[in-house]
Each structure stands twice: as C-alpha cells, then as structure tokens.
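Engineer: quick one, what's the 3D model for this:
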Amino acid sequence: MDTTFPDLRKYGGADAFLRACKPRTVLDIFTGKWTGLVMGALLDGPRRFNELRRMLDGITQKMLSQNLRTLERDGLVTRTVYPTIPPRVEYELTGLGHSAMGVLRAIGDWAGEHADDVLTARQTYDERAREPVRAV
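Structural biologist: As a prediction, this is how the structure comes out:
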C-alpha cells in the first residue's frame, strides 16, 4: 500500500487514519458542535444546568444533557450533586478539561480571525453553485 503519509505504526506510533487509533478516538471528543462551547462556559468555574442552558443560545436541554454526560464520561467535566431539596447539581471542568482549553482557545481565536474569510468563501461557493453548468 503506497501512501503519502508515513506509516507510523512500524515505529510504535499512532496512525490517526485508523479507526481504532487511540488519539483519533480522543480527537472525536472535540468534533461536536457544542463541546467547545460547553467547556468554554465552564471555564470560569462551576455552573448549574439551567445556567449553562441560558448561556448557550440555541442548545436544547437534550443536547446539553448529552454533551455534559459525554464530557463527564471522558473525564473533562465533573458533576457534583449536593444533598439539598431539591438536589443542586453543578458541573465543573476537571484538570484534564482545563488542559484541553488551550487547544480550544486556539481554535476559537482562529475562528474569530478568519470568520469573515470563511463566510466570504461560502458565499462565493454558493453563488458559483447556482450558476448553470457550462460545457468546456
């Protein structure tokens, strides 16, 4: 098999192009629409569910629940239930979650710097797509 990329497996390294690659599995955490936003909302400290829901314009209750559950499962968020009536539940970034924020901040910075470029490219593409196909 001839590939453009070196096969790192023969050197004991990971190959993110393989389905079972551990780093690829972990990278999947950050590909969701809401993951970075949920984590960003927790950056300043613990928050309750409804507080997060109010902060994250457009997220549904179901999607927020799913994201928090996944982030907790992956060790990026902790869920603390306080024994009050009714129970008070707070979500907070773990040390692992805080360590991932550097990467997410960099992506957010890039998005802020290049949002206009991307939106212009989309508009140009959409305009071209509406044009009739011409024979060459």
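Engineer: mind listing what's buried along the lengthiest helix in the chain?
Structural biologist: Scanning the chain for the helix with the most residues, using DSSP state H, yields helix 95-130. Residues 97, 100-101, 104 are the ones in helix 95-130 that count as buried (16 or more other Cβ atoms under 10 Å). (Glycine included, C-beta is placed from N, CA and C.)
Engineer: then stretch 17-33?
Structural biologist: Judged by neighbour count (16+ other Cβ under 10 Å), stretch 17-33 contains these buried residues: 21, 29.
Engineer: quick one: average pLDDT of it?
Structural biologist: In this model, stretch 17-33 has an average pLDDT of 80.
Engineer: helix or strand: which one has Leu52?
Structural biologist: If you go by DSSP states H and E, Leu52 is part of helix 49-55.
Engineer: starting at the chain centroid, how far to the very next helix or strand once past that helix?
Structural biologist: Proceeding N to C from helix 49-55, the next assigned helix or strand is helix 61-73, under DSSP H and E. Using Cα atoms, centre = their mean, to the nearest Å, the mean C-alpha position of helix 61-73 is found 12 Å from that of the whole chain.
Engineer: Arg79: what secondary structure?
Structural biologist: With DSSP: H, G, I helix; E, B strand; the rest coil as the basis, Arg79 sits in strand.
Engineer: with just CA atoms, put stretch 126-135 into CSV.
Structural biologist: Taking Å, rounded to 0.1, in the frame of the first residue of the first chain, the C-alpha atoms of stretch 126-135 are listed here in CSV:
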residue,chain,number,x,y,z
ASP,A,126,-22.9,29.2,-3.1
GLU,A,127,-23.1,31.8,-5.9
ARG,A,128,-21.0,29.5,-8.2
ALA,A,129,-23.1,26.5,-7.4
ARG,A,130,-26.2,28.4,-8.5
GLU,A,131,-24.7,29.1,-12.0
PRO,A,132,-25.7,26.7,-14.8
VAL,A,133,-23.1,24.1,-15.7
ARG,A,134,-21.3,25.1,-18.9
ALA,A,135,-19.7,22.7,-21.3
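Engineer: no further queries at this time; thank you.
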